Structure formats: C-alpha cells, structure tokens
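[1] need a structure here:
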Amino acid sequence: MKQKISLVVIIGLGAYFLSVFSCSTKEIKNPFLAPQVSSESEKRVSVMAYNVENLFDTLHDQGKKDFTYLPKALKEDSQEVSQYCAKQKGFRAKECIELNWSEATLEKKIHNVSEVFKQVYQKGPDIVILEEVENLNVLHILNKQALLFAGYTTEVLIEGQDERGIDIGLLSRLPLAGQPILHNIVWEAAKEKDPRGTRGILQVPLELPNQAVLYVFGLHFPSQGNDVEFRKDAINTLKKALDQLPKDSFWLVAGDWNITEEEESEYQLISGNFGSYGNLSHIIGCKDCKGTHNYRKDWAFLDIILFSNTLLNQDSAVSVDSKSITTPMWALDQLRPTGRPNRFDAEKKTGISDHLPIYAELVIKNNLSNSKKNSSEAVK
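    Now for the predicted structure:
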C-alpha cells in the first residue's frame, strides 16, 4: 500500500514540475528555439547590442586607469596602483585593492559572455556591438577563445578617450564596406563642467548579403553620474555623424544610451532630436520586454537600437522586422532568481553583466534595384 502511495506522490510531483516548467517556458517566449527564417527571395541579418560590463584583459594599458582589473600580484607590486586605489571610495576602493583579475577570471568572464551569444540560434548574431570592452586585444581574445562557433571575421575597436579605457567593439560575419571611424564627443554644453574623456561613437560600414551598405553606429553615452549636458553633447555629436551619411542610407545606432525614462520625459533627448531620423527598438517592437537594465528594482531601456527611416520602410531592400526585437535573457546564469540581470562575480565566477542585450533582425531582399544605388552612393 505504501509503495502505491509513494508512486502516486512521485507521479503527482512529476506532473506538477512538468506543468510549472511548461508554463515558465511559455511565459519566457524564447524566439530562438525555432530555426532562423530565410528564403530564396530574402535573407535575415541579426543585430545585437550588449553592454558586457567591464571586459578587461589582464594587462595594464599605458595612460589608462584600468588598475582595478589587473591580477592581484601586479597590484601588490605597484605604487601607482596603490595610490589610485587609495583615492577610491566605498566598495570601489575595496574592489580596487582586492579584486584578482587573473587569466582564470578573464577566461570565465568571456565564457559566460559567450553563452549569451549561443542562445541566438546557437551561432550568435550576425552583427554584435559590445560596450565596455577595454581594447582590441580582449575583443580578439573573446572572439578567438570563446566565439569560434560564431565565425566572426570582422573585428573592430578604435581606442577612445575614456579614462578607464573602456571602448565600443564590433564583431560580425559580414565584411567591411569601408573604413571604420570613431567620432569623439565634442564638448559644448558641458565644456564648463570639466568634462572627462569618454567613449566615442563608433561608425562601421558593413556589406549586406545583397551588396547594400549598412552603417552601424555603436555608442556608450556618459553615465547618469554626469550632468545631462554631457549626454546632450553626445547627442549632438551623433546627429552630426548621421548628417554626413549619403542620402537614403541604411543605418542603425545601437548601444547603451544611458538616458533614463525620467530624463527623456524632461528633456526629450532622443525623441526631440531623432524623431525625423527614425524610430526606437522598444517603441516599434519588444512589447513583452521589461527593459535592459534594472536599478533598485526599476527597469529601464538604457540599451536601444535607433533604426533609420529607410529601415522602417518595409518595401525597401533592407528593413527591420519589428516582431523580432527582444532582449535575449535565456543564457545560463544571465539572470538572478529575482529576474534582474546578474552581474559577473569575479570571486565566485558567476554572472555575466548588469545589462541585457537588445536584439533585432533585418530582412534583406535580393532585389538589388535600391540597394545597388545605396551601395554605389556610399563609396563616393
């Protein structure tokens, strides 16, 4: 009798957990469980922007304040590091002194980051814009040690003026269609506030499967620790870069804008400046998304893709599929139990980043009538 009761209990528990798992899977709505859709008449190119949060190599870059992210053995022997750490406050001072950013730590960090790539059809997006990457060396390490499955042949990172040394990197399976450019922020509104060096805006022209040129801009605007004038100057720098593009170009701007909903509501930094240029990822899609960043239980879309009007035209040779826009969050260890992004813990070797990526797919038509014209104009 006891065996029968136990069997009933086991079956009941099994059915319960199966139902819970099925419900949670349904709620998650992972769009990458099915194969990527393509046809003879059109292809798809996927784009992801991701703030990977402090992706440093283990070497000191001359002139940069990267001292927190060095092996502990190097810190202990350096007076320069000791002096820098002594000037830090709170947990940053403790982290500066005690964090051991060793080769083993870096290896685990890039492994965890690569898991986010794998969730996109097991091969990673076609184009990835990465924020908070220290240099081309660590971008190359990430690509060649952890992302071989993705087959990225294009690696781009141009050193900027950020005092810690973090930059914007780009990886892609698509070839370059011209020379990448870094637009350093021009300080105007913030020039009286002693502006520090910050990340520039990366511009990379890529050749799409139908030979059209896609201009990809990657950015990481000054943080909320800076006055709004800093982000206003960044906005103006971006506008000037976009205004230099050939007419009717295909372009997108992706990255960490660091503009909160409250700030946007007060100053209309994005809507007031780019309303005539195009539209935003979480406005035209991502309807089930909470946001990409969670600070003190408040979700926000700090990470955004701005699509040009040409990409919003569904009849053009290249267009965005608004239904594809999402915030990929199904990688192992990407979220805390609370559902918030899980920061990388160097001691426990867990977590990935305090941001979620923003993702979209472009539909590439094989009709070259418009795209050839766009490509030829781009190289003039």
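
[2] where do the helices of the stretch 51-200 of the chain begin and end?
    With DSSP state H, counting those that start in this stretch as the criterion, the stretch 51-200 of the chain has helices at 72-76, 79-86, 91-98, 103-118, 136-141.

[3] as CSV, those with mean pLDDT, distance to Leu171 and mean neighbour count would be great.
    From N, CA and C alone the C-beta is placed, and that goes for glycine too. Supplementary listing: these in CSV, determined by pLDDT from 0 to 100; distance: least, C-beta to C-beta, whole Å; neighbours: other C-beta atoms under 10 Å:
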stretch, mean pLDDT, distance to Leu171, mean neighbour count
helix 72-76, 91, 28, 14
helix 79-86, 93, 31, 14
helix 91-98, 93, 28, 14
helix 103-118, 98, 9, 19
helix 136-141, 98, 7, 18
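
[4] can you list those in JSON lines and add distance to Tyr267?
    As requested, the helices of the stretch 51-200 of the chain are exported to JSON lines (distance: least, C-beta to C-beta, whole Å):
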{"stretch": "helix 72-76", "distance to Tyr267": "41"}
{"stretch": "helix 79-86", "distance to Tyr267": "34"}
{"stretch": "helix 91-98", "distance to Tyr267": "29"}
{"stretch": "helix 103-118", "distance to Tyr267": "32"}
{"stretch": "helix 136-141", "distance to Tyr267": "33"}
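
[5] would you map the strands across the stretch 1-150 of the chain?
    Secondary structure of the stretch 1-150 of the chain by DSSP state E, counting those that start in this stretch: the strands cover 42-55, 127-133.

[6] what does the stretch 251-380 of the chain give?
    For the stretch 251-380 of the chain, the strands defined by DSSP E, counting those that start in this stretch cover 278-280, 293-295, 298-300, 303-308, 318-326, 358-365.

[7] where in this structure is pLDDT low?
    Low-confidence segments of the chain, defined by pLDDT under 70, span residues 1-28, 367-380.

[8] the same query, at a cut-off of 50, please.
    Judged against pLDDT under 50, the low-scoring parts of the chain cover residues 1-26, 370-380.

[9] check contacts around the residue positioned nearest the centre of it.
    What sits nearest the mean C-alpha location of the chain, by C-alpha atoms, centre = their mean, is Tyr50, with 1.5 Å. Applying C-beta atoms under 8 Å, 6 or more residues apart in numbering to Tyr50 gives the contacts 116, 128-131, 303, 353, 355, 357-358.

[10] who wins for neighbours among those?
    Counting by other C-beta atoms under 10 Å, Ile129 has the largest number of neighbours within the contacts of Tyr50, with 33 neighbours.

[11] pretty sure that one contacts Gly255?
    Yes: under the criterion of C-beta atoms under 8 Å, Ile129 lies in contact with Gly255, with a separation of 5.7 Å.

[12] what do these two both touch?
    Counting by C-beta under 8 Å, 6+ apart, the shared contacts of Ile129 and Gly255 are 49, 168, 218.

[13] how about the strands of the stretch 1-150 of the chain in a markdown table, adding distance to Ser324?
    Putting those into a markdown table (distance: least, C-beta to C-beta, whole Å) gives the following:
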| stretch | distance to Ser324 |
| --- | --- |
| strand 42-55 | 8 |
| strand 127-133 | 13 |
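
[14] next one: the nearest residue to Arg336 once chain neighbours are set aside from Gln79, what distance?
    The spatially closest residue to Arg336, leaving aside those adjacent along the chain, is Asn342, at 4.8 Å (C-beta to C-beta, 6 or more residues apart in numbering). Relative to Gln79, Asn342 is positioned 35 Å away (C-beta to C-beta, to the nearest Å).
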